[in-house]
Structures are given as structure tokens and as C-alpha cells.
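# give me a 3D structure for the following:
(chains A, B, C and D)
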Number of protein chains: 2
Amino acid sequence: MQQTIQIAVADDHTLFRKGLIRLLESLGSHYKIIIEASDGKDFSEQLLASSVIPDIAILDINMPNKNGFETVQWLNNTYPNVKVLIISMIEREESIVRLLKMGVKGYLSKDVEPEDLEEAINSILHKGFYYTDFITGKLMHNLIYGDTKSEYVLLTEKEIELLQLLSTDLTYKEIAQSLDTTVKTIDYQRDALCKKLNVVSRLGLAIYAIKNNIITL
Amino acid sequence: MQQTIQIAVADDHTLFRKGLIRLLESLGSHYKIIIEASDGKDFSEQLLASSVIPDIAILDINMPNKNGFETVQWLNNTYPNVKVLIISMIEREESIVRLLKMGVKGYLSKDVEPEDLEEAINSILHKGFYYTDFITGKLMHNLIYGDTKSEYVLLTEKEIELLQLLSTDLTYKEIAQSLDTTVKTIDYQRDALCKKLNVVSRLGLAIYAIKNNIITL
DNA sequence: AAAAAAATCAGGGAAATCCCTTAGTGATTG
DNA sequence: CAATCACTAAGGGATTTCCCTGATTTTTTT
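Residues are numbered from 1 along each chain as shown, chains lettered A, B, ... in the order given. Below is the predicted model:
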């Protein structure tokens, strides 16, 4: 008989998560789902309380409370031996490369076949990683053309507030009034934010804000 | 023995779709998945070629080739007796209300429990519909506060192309060049589009485009 | 404590956006 | 067939945005 594989799953979409677990279970009885979490926070809490450490953690990127990035970071610090397989819908090169740099062992899109999922798990457990041509392609592209300075940027509360205001059709004057400052300062801050986020216009900022869930539509 | 329930499923995320099908099958052997499609176009083609008409079609909203709205419209014209259950991640009031107006029988978020899925299917087949408090709430809110003039607007190919260009940081001049026209025409068209979509600025257009999946992030 | 970096604000100017009017064209309709 | 509508295009002007320099202050680093 094969050795038991302990699996943890974290994804906020219940139907997807439950379906995924059914798929995993149907791969064979040696796959044991020991943790089923609805977000990163829930996952961390369950893992801390658990007597069993999973061999592999299957994580989504977009989750409330603690997202995929934060959860991977937490795992790296707390349980560095747990291998991470990301399953996500988003395929932004920046996100993928960032996760690879953080040491995740595999990355799957939500539109792969169940067989690929099994292969990914086995590959991670036996070879230590599972990188498809798509992923290595992204990685190579990033190495060659990648914007080395565009590491992940953390925005301050202030910057987020400003970004939210800039993503409306308020004018600088109106924004300045509501933040109790001058048009020129808003202008400066907009410029600084553009440089930080590597975009060229207010429109670019708004698109960044939407992409990164800084404003809710 | 219970009567067989013929089900069609269309969703572009393979893992989700396969998992959903496992969940449905595990509800009981009288649930038969007769069509499994990766998008609306695939769904229509399979249905046209099929000798069996499903009792219920479970559709995603965001799909390539033919999205949920278009698929429902097509079903209404071609197979008006097929009941539609939407399962989607997006919870925008406008989208939900628009689908309800189009006659869909139920709407589920992807983060409900599998039991809700079963209840939704049974409710639709026996009562004819499944509307949660959340959905009826949205509907009521829309009836009272809804923007009556902002019926759903269909954009032409041209308008979509323009909208996509306006949602970048290209200037009017650059957009005019790429569309082989003048700045003044772009300006006019931007204005016309603003009026049509009920927004006041280019930024508003970009936000509309993102909200309505006209540009991919 | 001194030096460096970052933030606030101003002036100014070029470019872009927004919005108005007008004019010609082609298609649709009463 | 005239009238209306939709589209292209231009002029013009008010406003906004973008980007530069530069002075002053605040914060961070050494």
C-alpha cells in the first residue's frame, strides 16, 4: 500500500473547495484531506491547532483575511517544510514570479484537468516541484524582460486613501479639499505614486487600484 | 425510484467544473450530467447536437466565446424550456438583476455549501425557481433605487475597441493614430460613450470596462 | 549632530481632457 | 422628399493633468 499523503486545502469558494476535495479523494484513498480552510487565516489557525502537519498545502491566491501571498510567507516562517501548490485563476506574470521567488513548489490554473492536479501533487512530493512549461516560460520571460525594480510594493494607509480618491472622477482640487491639503501636494503625491507603481497617469493608477483590489467596484 | 434529472454544466474553469460534477453525482444517481461544456459556445454546439434536452442548465457568467448572458439569451430563443441556474463569483447587482429579468430560475454564488446547490436544483425543478433572500434583496433594492434608464446597453464591436483603448494610458492622439482617425473624432466618440454608459470621464469609462469584463486585467 | 532622503507646497508651462458649437455626410424614417 | 438621426470632423475655450524647477520643512539614516 502507498504511503498516506496529508493534504491541506484553503480556498474561499466553498463549491470549488468541496469539489476539489472530492476530486482529490477520488484519486485514491491514500490522499487524506486533513485541513479544509475557507481562507488563509482559518488555514493558519487550523494548522496551529493540528497535531498533524500536512505534506502539501493547496492554496488559492485571492482569499479574504489572509491571501495566498501572506499565507505562503507565514508558512515559510512557521512550517517551512510544508510544500505549497498554488491553484489560482489569475495568471499575472508578476504574481506568479513573486510566488515562485517565495518558494512555492507548483502553480496550477483553475482550468487544468484533474489529471494535471494529480501529476502536480506527485511531482511535488517526489521531485520537489512541479513547474509547467507555462510557468517556466513566465519565469524566463521575467528573467529576461522583467522589471527588476518592480518588486512587490506595499502601500501605506495614506497612499491607499489617496489611490482610492484618485480612482474617482474628483479633481485634484476636490481631493485636496477633502484631505485638507493643496492641489500641488496632491499633484506631487500622484507623481510619486505613479513612479512607485510604475504607471504614467492617473488612469494607470486607477487600473492598478482595481487590479489589486484597492478599490471595490 | 426518483425520476432522472438531466443536467448540463458550462464553466470554463476545468477544475471547478469537474469538481462540481463530482458533487452533483454524489447527490444521487438520478442526477445525470448529459452535457459538460467549457464555455457558452461549446455548450450551444453540444446541445444542438444532443438528442436529450436537459432539465436544467448550470451556467457560469464569465466564460470566453459566449458568456453567461449570451448563453441565456440563446437558450431563451432556442430551448425556452431549459431552466437556468447561474453559478458565479460575481455578485454585482446589475448583473444579477439583468439575469433575473432574462428569466433565469436561480442564482448561486460559488461560495455556497453543496447542500444549497442541491436545494437550488430541487427548488427550480419543483417550484420553478430558487431565489435566496440575498437575491430577492438585490431585486427589491434595484426596484426601489434602481436606475431605470440604465437598462443594459449593448456595445458594438467598434465601441468595445474604443473602450479598450480608452482604458489604457494612451492619449487621444495615439488612439486616433491607431484607429486611423482624428483626435476630434475620438473626443466625440468618448463623449458619446460617456453619455451612453452614464459616466462623466474617461476614468469612468475605464471603470465601466473593468466592471463589465470588457478589458481583461 | 550632520548629512541624506523624503514630503510639502509654489510657479509655470505644455499637453491632455472635457465640453460646447457648427458643418457636412450618409442612412433611416415618417 | 423632407426630416430626423447617427457619425465624422473641426474650432475654440475652460479646466485638468502632467511634469519640471526650486524653496522649505520634516523624517530618516549615518
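# skipping adjacent residues, who's closest to the residue in chain A that chain B sits nearest to in space?
Nearest to chain B, among the residues of chain A, is A:G19, at 2.0 Å (Cβ to the nearest Cβ). Glycine gets a C-beta too; all of them are placed from N, C-alpha and C. Leaving aside its sequence neighbours, A:G19 sits nearest to B:G19 (Cβ to Cβ, 6 or more residues apart in numbering or on different chains; 2.0 Å).
# how's chain A carved up into domains?
Domains of chain A are assigned by automatic domain parsing as A:5-145, A:157-211.
# list the contacts of A:K32.
Contact analysis of A:K32 by Cβ atoms under 8 Å, 6 or more residues apart in numbering or on different chains lists A:4-7.
# would you list those in JSON lines and tack on distance to B:H30, neighbour count and pLDDT?
Listed next are those as JSON lines, based on distance: Cβ to Cβ, whole Å; neighbours: other Cβ atoms under 10 Å in any protein chain shown; pLDDT from 0 to 100:
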{"residue": "A:T4", "distance to B:H30": "34", "neighbour count": "13", "pLDDT": "91"}
{"residue": "A:I5", "distance to B:H30": "33", "neighbour count": "19", "pLDDT": "94"}
{"residue": "A:Q6", "distance to B:H30": "35", "neighbour count": "18", "pLDDT": "95"}
{"residue": "A:I7", "distance to B:H30": "31", "neighbour count": "22", "pLDDT": "96"}
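# after the helix or strand of chain A with the lowest mean pLDDT, next one along is what?
When the helices and strands of chain A are scored by mean pLDDT, DSSP states H and E, helix A:133-145 comes last with a mean of 69. On the C-terminal side of helix A:133-145, the closest following helix or strand by DSSP states H and E is helix A:157-166.
# now do the buried residues in that next one.
Buried residues in helix A:157-166, counted by 16 or more other Cβ atoms under 10 Å in any protein chain shown: A:159, A:162-163, A:165-166.
# which helix in chain A runs the most residues?
Assignment by DSSP state H gives helix A:183-197 as the longest helix of chain A.
# find the nearest non-adjacent residue to the residue most central in space within chain A, please.
By Cα atoms, centre = their mean, the mean C-alpha position of chain A lies nearest to A:I61, the distance being 3.3 Å. Counting by Cβ to Cβ, 6+ apart, A:I61 lies nearest to A:G68, which is 3.6 Å off, once chain neighbours are set aside.
# hang on, the residue nearest to the centre of chain A packs against A:E91?
No - using Cβ atoms under 8 Å, A:I61 makes no contact with A:E91, being 10.3 Å away.
# so which bits of chain A are right by DNA strand C?
A:181-185, A:187-189, A:192 (Cβ under 7 Å from any atom of the strand).
# drop anything exposed from those.
A:Q189.
# check contacts around A:H126.
A:H126 touches nothing, counting by Cβ under 8 Å, 6+ apart.
# over to A:S26?
If you count contacts by Cβ under 8 Å, 6+ apart, then A:S26 has B:R22 around it.
# what about the strands in chain A?
A:5-10, A:31-37, A:56-59, A:83-88, A:106-109 (DSSP state E).
# hang on, the earlier thing: and which of the residues of chain A next to DNA strand C is nearest A:I56?
Nearest to A:I56, judged by Cβ to Cβ, of those is A:A192 at 41.7 Å.
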